[in-house]
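fold the following.
(chains A and B)
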Amino acid sequence: MLTLTAGADRGIRRHGRETYPYECCGALIGSGERVVEALALPNAAEKEARRRFRVRPTDYLAAERRASELGAGLLGFYHSHPDHPARPSRYDLEHAWPGFAYVIVAVDRGEPAALTSWRLREDRSAFDEEAVTVAAEGGAVKRTGETPCPPGF
Amino acid sequence: MPTRILIPTPLRGYADQQEVVEAEGATVGELLANMTARYGSLRKHLYNEDGKLRSFVAIYVNDDDIRFLEREATPVKDGDTVSIIPSVAGGAGRRA
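Residues are numbered from 1 along each chain as shown, chains lettered A, B, ... in the order given. Below is the predicted model of the structure:
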């Protein structure tokens, strides 16, 4: 299960709204399975940015450095799917790394909607969805589902 | 003198969880060969079946991508830092 602070959850959703109809992307920084910061990064996919995202190598290094500065770790990445479900594509699968959490926020007609998190299986055959909890002062406020995502989706 | 190699988060599990490893070598290729001789399971994540560096991995010497230098023949000198950087990409994957 992945936990987002309320600020990280808001940051991801706001970023998805701001970049619509293009995809946004950013890094998830935290410890264990708790994300304390969603670090917005530029989408380097350029002409394909409506349906693709790409993180520049230098921005990847910046995310690792930011995690070190916070005494935390790089837990994964987020991106948006404008007018598309919050489920990973074949293209997402081909580019995923083991151990990272991949958060996807659907942005429907400009408004952030479902937010999901996925982890690559060790054999790279598919993603498994993990539950996402948004923590606020006083405790968890929201939780989404947890389902496998079979190959051929 | 050994050169520092920064290991990215998703590959640290294949390098005893280390953020930085040191290896000897006069070129990037030699460094990586010496490193993967020590951490064998890193090899499959860095090289494809043909023994070439995977396209999903970038190697930087300080701030420069070796694809724009001399690739694996890029020389390294004392004080250089070599970074292994996984390509991070994805997206909905259909035409908008």
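
CA atoms for contacts and neighbours, from now on please.
Fine.

so which residue is dead centre in chain B?
residue B:84 (3.5 Å; C-alpha atoms, centre = their mean).

report the separation between that residue and residue B:58.
6 Å (C-alpha to C-alpha, to the nearest Å).

and for residue A:117?
From residue A:117 to residue B:58 the distance is 26 Å (C-alpha to C-alpha).

doesn't residue B:4 lie inside a strand?
Yes. When DSSP: H, G, I helix; E, B strand; the rest coil is applied, residue B:4 is found to be in a strand.

sec struct for the closest residue to it other than its chain neighbours, please.
Spatial nearest neighbour of residue B:4, chain neighbours left out: residue B:22 (4.7 Å); criterion: C-alpha to C-alpha, 6 or more residues apart in numbering or on different chains. At residue B:22 the chain is in strand, as set by three-state DSSP.

these two touch, right, residue B:22 and residue B:15?
No. Counting by C-alpha atoms under 8 Å, residue B:22 stays clear of residue B:15, with 11.2 Å between them.

between these two, who's got more neighbours?
residue B:15 (18 against 15; other C-alpha atoms under 10 Å in any protein chain shown).

which residues does that one contact?
Taking C-alpha atoms under 8 Å, 6 or more residues apart in numbering or on different chains as the criterion, residue B:15 is in contact with B:7, B:39, B:42.

re the thing from before, quick check, the strand or helix carrying the residue nearest to the centre of chain B touching chain A?
Per DSSP states H and E, residue B:84 falls inside strand B:81-86. Yes. Among the residues of strand B:81-86, B:85, B:86 lie within reach of chain A under C-alpha under 8 Å from any C-alpha of the partner chain.

which neighbours does that strand have in its sheet, and in what orientation?
Next to strand B:81-86 in the sheet, as set by DSSP bridges, lie strand B:3-6 (parallel), strand B:57-61 (antiparallel).

quick one on the thing from earlier: how about the residue nearest to the centre of chain B, nearest residue that isn't a chain neighbour?
Using C-alpha to C-alpha, 6+ apart, the closest residue to residue B:84 is residue B:59 (4.9 Å).

if we can go back for a sec, chain A versus the residue nearest to residue B:4, what's the distance?
Computed with C-alpha to the nearest C-alpha, to the nearest Å, the distance linking residue B:22 and chain A is 18 Å.

try residue B:31
20 Å.

try residue B:45
For residue B:45, the distance to chain A - C-alpha to the nearest C-alpha - is 10 Å.

one more: residue B:46?
12 Å.

burial measure for that residue, as a count.
21.

same question, the one 5 residues further on
Residue B:51 is surrounded by 10 other residues when neighbours are defined as other C-alpha under 10 Å.
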